[in-house]
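J.: sequence and predicted model, in that order:
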Amino acid sequence: MKSLFYFLPIAISLLAGCTKEDTTSPIQAQTFEVNATSSTDWKYFSFEKDDTIAVTNPLTSTDWDLAFQRYRIKTNGGKSGSGLGKAANSYKKGQSGFDALNLVPDTATFAVDDSLKIAVVQGYATYLVNPELYTWFTMEFASQGTQIVPSDYIYYVQTGKGKYAKVWFKSYYSPANASGFVTFQYKYQPDGSKTLE
Amino acid sequence: MKQSVLFLLLLLLSINLHSQDAFISGRVLLDDSSSVASATVIITGTTLGTVTDSKGYYYINKVIPDTYTFRISLLGYETQEKILTLKSGKNNADFTLSEANINLNEVVVTGTRSEKMLKNVPVITQVILASRMLDMGITNVTGALETMVPGLDVSQFGTRVSITLQGMDAKYVLFLVDGERIAGEVNGDIDYSMLNLENIDRIEVIKGASSSLYGSNAIGGVINIITKKISDSFEGKLYSRYSNYNELFSGGGFSLKKGIIGSGTSFSYNRTDGYDVTPESSHDWTQNPYSSFNLRQKFEITPSSKLSFIPYFGYYQFERGNVSARPAHDFYQDFNAGLKGQYFIGKHSIDFSYYRDQYNTYNVLELLDNQKDKVSYDIIQTLRTQGNFHISDKNNLIAGLEYNYETLFSIRNEGGLKGEGEAVFYLQEDLRLGEKWNLVAGIRTSHHSSYGLNAAPKISVLYKMGFLNFRASAGTGFRSPALKELYMNFDHFGEWYIIGNTELKPEASRYISGSAEFLKPWNNTSVTVYSNSLSDMITDRWLTDSAQLTRQYQNVASASVQGIDLNARQKIFRELWVSAGYSYVNSHDNQTGLQLYGTTMHSGHISADYNYRKKEYNLNVQLYCKLMGEKFYEITDEKTYRDRPYCSWRFTVSQEYRFLRLSTGVDNIFGLVIPQNLNFISPGRRFFIGMNIDLGKNR
């Protein structure tokens, strides 16, 4: 039964592709694990390269799209960069939410990076992050130490160069159970349109 | 040395000189002259003993003619001691037991490190009989303690079970199994699910530092779990208890004796699907799912009436179901093994023991073929010898030498692997002055590899006035810094750190207590008042001169704890009894002026039980209510929080016919659910059904 649900969207999209006479081939969902274990350095990610990239000056470069430091995430815009980067929460969740989002709606409320005041163990800390993307997790103070629990929201992300992607941040832990490894699934539209199929 | 070998040989030889031997036989009867089967008859000060047959007869041979104390005991009956002089050849003695709901003659060991009747021990001791707990459908040790000991409460935070005794947390409570420490503590709490009630005879609880012969951590109290002795006849027991959330406790035990070798085996398997009463934090359940398995094997070898050996080993494993956001779950493992021996020289005896316990924790990596990743291991080893000198019937001296070594590996430790050793000498004098006074004084001196010399003296006095017992105790206790407190190096997401401190010295305490006890076959009431003051308490504090946010363990805090404990048991009519316990604790952190973290000022329980016995049928009905006052979690520089008070009810019906016992009951009758209470984690009303089969009774 479950396989039918996975099969259905693919079948429909294939049918849709046929009627449009193959002008655009459907884009693929990718999964990437970024090593963001450092508390001081940022790891820069490019959707186009499907990989982390070295960036000499993040404030001027438009090559990077997302940056990671532990559970904090930046986009290439606002106070963080000179690109067109920003993000919006779709408020849809999980695999079904990820599959259902085919288009970036005009009503999506995007936010650029800004300073965010966060309550920490002693007083407050100010993080320069994307405020929309700061909702990707909740911290649960569990008996075995704090855990980062993904909220499973699907986000629309505009890249440094102004293209669109949908992103689902799925986990904070590596298969070896080390923290600071953010695994995310995304679909990136390289043609610049808002279609995310 | 040569002389002592010769002496040993002579002793061994003397056992085989039958012509000089005495033998004794007789019957054990009840008040109404009916015979008693399976009563234990022991000659104290020797390895000799037996159980009565189905007609109540017993027979012990190969006894060296002398004067001995005979001890006759049976569950549910008053233990009896009788002094008899045996002549060579045939001797005869009959004993009469009387039924008792309060066994005033119960024998305890924890308070004085020697066997002593409960009513004669100057250190007030509470005894919880495991068989009584199983009657009530309680299958785990923490459940038994929480039910029976006023002032002891158990809280649970996700995966960790934590206890508090008289306002002091588990760091200050020493948990022992047959007098030996248990490896694998986290903040003083051991893995309590390792302890299986079926294998246990009784639990002895001593509050406060009045039993300082046990050393580190015995500031708040000592809880000593006494495992079952192997009986002379075959015993086989199976039990199973099932409750909501697919919770299963099951297990059993077998013991038998052939010639000089006895063997006891016990095992258990427990599991549950778990539950969550706080769905808003979906990755941290109130009770996690788990499964655990436990196996214990013990042998008792008595080559002669003067010598006995007990080799034993145990294995335990625990696997937690994963409800967290991590791709890993916990797996714990424990291996323990030891050897105890006792040798009698006349009325004196020498004990020797070696014990090793290793507790491993692993992460099971679910995305990597369930590969096991070792997180920590803790090894405790103890080597001990103790001399028990029976100078006269009124004067007993105990002297002991002990060496403890602990090895801890943790990924949170600076440098990983750490070890600390401690050499100990202890001495105790037990003096009876006339019929009314009993005085026990002792001292424990230890030399620790990290902080050097430490001495903890104690003194306890008992004064008997007919049916009244008065006791007073004064003592000092200490707690060595845990290896974690010395060497920790913990990084919290790179945001802040906790580091150890190798400059730490032990925490110290001064304890005084006084109690009065009223003892009658129809009523037993006791009142205890106590005061405990602690100095050099270790706590983690923010470092001000550090570049990053860092907490470090320091000897900075001090506190005092005062309280009153009440215990009462009263016969209403025939077999209906009412029991009540109440504990008042007032703790005071001298710096903040607040109650110590996790203190419950008022707590208690009240219960009624009815027992009906007719021939082979036995009915036990019990109604039990636990009362808990507010629990304080207050620290000035952090969050303050209090658990709300509650009362929770349990009803149990247990029926026994011949070899079968069926227990049914309902826990939390009124379906109380308090999501945020750490010490009340019930998911609501729960029914349970339990079955015990006693294979030994069907012989």
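T.: Done, it's in. The structure displayed is predicted, hence computed values, not measured ones.
J.: spit out the contact partners of residue 173.
T.: Let's take chain A. If you count contacts by Cβ atoms under 8 Å, 6 or more residues apart in numbering or on different chains, A:Tyr173 has them with A:148, A:179, A:181, B:325-328. To be clear about C-beta, it is placed using only N, CA and C from the backbone, and glycine gets the same treatment.
J.: my question was about chain B, not that one.
T.: Contacts of B:Val173 (Cβ under 8 Å, 6+ apart): B:163, B:165, B:188, B:217, B:220-223.
J.: gap between stretch B:660-672 and the chain center?
T.: Once both centres are worked out by Cα atoms, centre = their mean, to the nearest Å, stretch B:660-672 turns out to sit 25 Å from its chain's centre.
J.: count of neighbours near residue 190?
T.: Because you didn't say which chain, this covers chain A. Neighbourhood size, A:Pro190 [other Cβ atoms under 10 Å in any protein chain shown]: 13.
J.: that was the other one, I meant chain B.
T.: Residue neighbour count, defined by other Cβ under 10 Å, stands at 23 for B:Ile190.
J.: next one: A:Gly94
T.: 14.
J.: so where do the strands sit in chain A?
T.: For chain A, the strands defined by DSSP state E cover A:29-35, A:43-46, A:51-53, A:66-69, A:72-75, A:86-93, A:114-119, A:124-129, A:137-142, A:145-150, A:153-158, A:164-173, A:179-189.
J.: from the contacts of B:Val173, which has minimum pLDDT?
T.: Least confident entry in those, by pLDDT: B:Asn217, with 81.
J.: so that residue, which of the three states?
T.: Of the three states, B:Asn217 takes coil according to DSSP: H, G, I helix; E, B strand; the rest coil.
J.: show me what contacts it?
T.: B:Asn217 sits in contact with B:171-174, B:188, B:479-480, where contact means Cβ under 8 Å, 6+ apart.
J.: could you do A:Asp113 as well?
T.: For A:Asp113, the contact set (Cβ under 8 Å, 6+ apart) comprises A:74-75, A:77-81, A:85, A:128-131.
J.: any idea how far it lies from B:Gly671?
T.: Separation of A:Asp113 from B:Gly671 (Cβ to Cβ, to the nearest Å): 50 Å.
J.: for the residue nearest to the spatial centre of chain A, list each beta-bridge partner.
T.: The residue lying closest to the centre of chain A (Cα atoms, centre = their mean) is A:Val167, at 3.7 Å. On the basis of DSSP bridges, A:Val167 is bridged to A:Tyr155, A:Tyr186.
J.: pretty sure it sits against A:Phe184.
T.: Yes - A:Val167 is within contact range of A:Phe184, at 5.5 Å (criterion: Cβ atoms under 8 Å).
J.: mind showing which ranges of the stretch 501-650 of chain B have poor pLDDT?
T.: B:634-640 (pLDDT under 70).
J.: that older thread, would you turn the strands of chain A into JSON lines with mean pLDDT and distance to B:Gly76?
T.: Converted to JSON lines, these look like this (pLDDT from 0 to 100; distance: least, Cβ to Cβ, whole Å):
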{"stretch": "strand A:29-35", "mean pLDDT": "94", "distance to B:Gly76": "64"}
{"stretch": "strand A:43-46", "mean pLDDT": "96", "distance to B:Gly76": "70"}
{"stretch": "strand A:51-53", "mean pLDDT": "95", "distance to B:Gly76": "73"}
{"stretch": "strand A:66-69", "mean pLDDT": "96", "distance to B:Gly76": "67"}
{"stretch": "strand A:72-75", "mean pLDDT": "95", "distance to B:Gly76": "66"}
{"stretch": "strand A:86-93", "mean pLDDT": "94", "distance to B:Gly76": "60"}
{"stretch": "strand A:114-119", "mean pLDDT": "85", "distance to B:Gly76": "59"}
{"stretch": "strand A:124-129", "mean pLDDT": "86", "distance to B:Gly76": "64"}
{"stretch": "strand A:137-142", "mean pLDDT": "79", "distance to B:Gly76": "45"}
{"stretch": "strand A:145-150", "mean pLDDT": "83", "distance to B:Gly76": "48"}
{"stretch": "strand A:153-158", "mean pLDDT": "96", "distance to B:Gly76": "63"}
{"stretch": "strand A:164-173", "mean pLDDT": "95", "distance to B:Gly76": "55"}
{"stretch": "strand A:179-189", "mean pLDDT": "94", "distance to B:Gly76": "56"}
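J.: and the helices in chain B, which stretches?
T.: For chain B, the helices defined by DSSP state H cover B:2-15, B:130-135, B:141-148, B:483-487.
J.: just to revisit the earlier point, which among the contacts of A:Tyr173 gets closest to A:Phe98?
T.: B:Ala325 (18.1 Å; Cβ to Cβ).
J.: next up, the contacts around that closest one.
T.: B:Ala325 touches A:140, A:147-150, A:171-173, B:283, counting by Cβ under 8 Å, 6+ apart.
J.: possible to save these as TSV with distance to B:Asp430?
T.: Converted to TSV, the contacts of B:Ala325 look like this (distance: Cβ to Cβ, whole Å):
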residue	distance to B:Asp430
A:Glu140	53
A:Gln147	53
A:Ile148	58
A:Val149	58
A:Pro150	63
A:Ser171	62
A:Tyr172	60
A:Tyr173	57
B:His283	55
